[in-house]
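1. Give the three-dimensional model of this entry:
(chains A and B)
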Amino acid sequence: MENNDILQKNIEQLIDAKMELNYLINELDELIDSCDSVLNS
Amino acid sequence: MEIDLKSIDTMYRTVAEELAGTTADVNDLKRSVSETKIEIMQAIHSAEFGTEEEKKTALQTESQKREKLQELQDTMCMKRTILEDQQRRIDQLMVKVIEKPGGKEYLKNEMEKRRNRANSSITMYENEKGDIERKTNGYKKIQDAIKNGEFRNLLSNYIQACKDGNNKDELRKQLEEYMYNNFIIDVDIRHIDEIAKSAKMTTTKKLINGVWTDVEEVDFDKTFKNVNKKLNDRKKDLEEKIKKAKNDLAVVDEVLAGIGKDNEAPKNANCGEKSRGIHLIKRFRNWIERKKRAKMPAPKPEQEEQPQQAQANEFIKSLQEHGELAKAIVDRKMEIAQEAITKREKEPKSQDRQDAEKQRGRRTRRNRKEKNSDGHGDR
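-> Predicted coordinates:
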């Protein structure tokens, strides 16, 4: 595999991971907040 | 230090493996949180409307479930810190990648591609969501219209014809004519066709020409339950996809904003600067500790401290502005108090006041005596 191809692949993978992580963190934030609303009721 | 692309790939794989596990964990947590919340709600309901015995059990269950929810929340906070750590590692790898010749350009191009992809996905999903909402309203109108027995029969016959193909066109014509003559103008025949595709049938016995005959009819209750459930599920699915696409757009914006400036790492989409990420982890860790000691609301990670700081500054400023006034008020109060004391000292003592002072003196002496006898007083 050429260096450019590897670079391209690396970038795609990293972006996928970053997007997934960001999504999961936001999901957790929502869940944590929703627990708060029940626990404080 | 220079790092080769294969090493970056290897490092990425480590994070990706961990990430796969964490995604599964988050999905499990999501399910558990949802189940526990339902159980709490059920317990609250039983505690309110159940018998005495049921109330007692429900209160116990509620308390246990609350504890469980608390534990789940703590686990989620922990997971969040792990995810933030993974995010930091991914950011570091990204920095390494864009340091490579042509890396920055590749990243920019890829990000633009992702932006276009996310935008077209959002448009597509929003359109489908709009269709679903129109269908849901259309089905509601049909549900209202079938309260009319004659329409119900015609519709049932037509749906049946759609299934077996017999006399379909004729029955469709009859149905449309009936709708037109009876001003059922808000029901869309296309929605009826949609319902016909997923209609649930039932067999009932009917007296036809003096003979009990098995007749197949549309089970409207089951049919609407079925179609509405399908629509709701798809709507939820689309909402989730829209949320994900919007989340991707946010990441694109953050990364592009980060690489726009020379020699700067792509910013963490969630936490902005890395220091803020660490600050949040610390906040969450502290919060978990505090939670163990006392029940407190969770700090929101996206919540900025700025408004609070601004409020505090505003308050200090107003204090400073009103400082002179406050000082003047306090001085005046002191003056009034001093005047009152002087006036009182000048006035002849009334019998009541003299008695009260004597009483006070006796009490003070007695207290001192008691303290001395306990060994606590002055020696």
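
2. Give me the buried stretch members for stretch B:67-86, please.
-> Across stretch B:67-86, burial judged by 16 or more other Cβ atoms under 10 Å in any protein chain shown covers B:68-70, B:72-77, B:79-81, B:83-86. To be clear about C-beta, it is placed using only N, CA and C from the backbone, and glycine gets the same treatment.

3. Surely residue B:217 forms part of a strand?
-> Yes: counting by DSSP: H, G, I helix; E, B strand; the rest coil, residue B:217 is part of a strand.

4. That one pairs with what?
-> Counting by DSSP bridges, residue B:217 forms beta bridges with residue B:202.

5. Spit out the contact partners of it.
-> Taking Cβ atoms under 8 Å, 6 or more residues apart in numbering or on different chains, we find residue B:217 in contact with B:156, B:160, B:201-204.

6. Narrow those to just the buried residues.
-> By neighbour count, with 16+ other Cβ under 10 Å, the contacts of residue B:217 hold B:156, B:160 as buried.

7. so which one among the contacts of residue B:217 has the lowest pLDDT?
-> Within the contacts of residue B:217, residue B:204 has the lowest pLDDT, namely 84.

8. Provide the secondary structure category for that residue.
-> Here residue B:204 is recorded as strand under three-state DSSP.

9. That one against residue B:215, yeah?
-> Yes: contact criterion Cβ atoms under 8 Å: residue B:204 and residue B:215 qualify, at 5.7 Å.

10. Name all residues that make contact with residue B:102.
-> Counting by Cβ under 8 Å, 6+ apart, residue B:102 makes contact with A:4, A:7.

11. Which other helices and strands does the host helix or strand of residue A:13 contact?
-> Residue A:13 belongs to helix A:3-39 when assigned by DSSP states H and E. If you count contacts as 3 or more Cβ pairs under 8 Å, 6 or more residues apart in numbering or on different chains; DSSP states H and E, helix A:3-39 packs onto helix B:5-49, helix B:52-99, helix B:103-145, helix B:220-260.

12. The last one and chain A, any residue contact?
-> Yes: Helix B:220-260 is in contact with chain A by Cβ under 8 Å from any Cβ of the partner chain, via B:244, B:247-248, B:250-251, B:255.

13. export these to JSON lines and tack on neighbour count and pLDDT?
-> Output for the residues of helix B:220-260 next to chain A, formatted as JSON lines (neighbours: other Cβ atoms under 10 Å in any protein chain shown; pLDDT from 0 to 100):
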{"residue": "B:244", "neighbour count": "20", "pLDDT": "95"}
{"residue": "B:247", "neighbour count": "21", "pLDDT": "94"}
{"residue": "B:248", "neighbour count": "25", "pLDDT": "95"}
{"residue": "B:250", "neighbour count": "16", "pLDDT": "93"}
{"residue": "B:251", "neighbour count": "25", "pLDDT": "93"}
{"residue": "B:255", "neighbour count": "27", "pLDDT": "89"}
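
14. ok, which pair from these is furthest apart?
-> Using Cβ to Cβ, the residues of helix B:220-260 next to chain A span at most 16.6 Å, a distance reached by B:244 and B:255.

15. how about the residues of the stretch 101-250 of chain B near chain A?
-> The stretch 101-250 of chain B has residues B:102-103, B:106-107, B:110-111, B:114, B:244, B:247-248, B:250 near chain A, with proximity defined as Cβ under 8 Å from any Cβ.

16. I'd like those residues written out as a markdown table, with distance to residue A:22 added.
-> As requested, these are arranged in a markdown table below (distance: Cβ to Cβ, whole Å):
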| residue | distance to residue A:22 |
| --- | --- |
| B:102 | 25 |
| B:103 | 21 |
| B:106 | 20 |
| B:107 | 16 |
| B:110 | 16 |
| B:111 | 14 |
| B:114 | 12 |
| B:244 | 10 |
| B:247 | 6 |
| B:248 | 8 |
| B:250 | 7 |
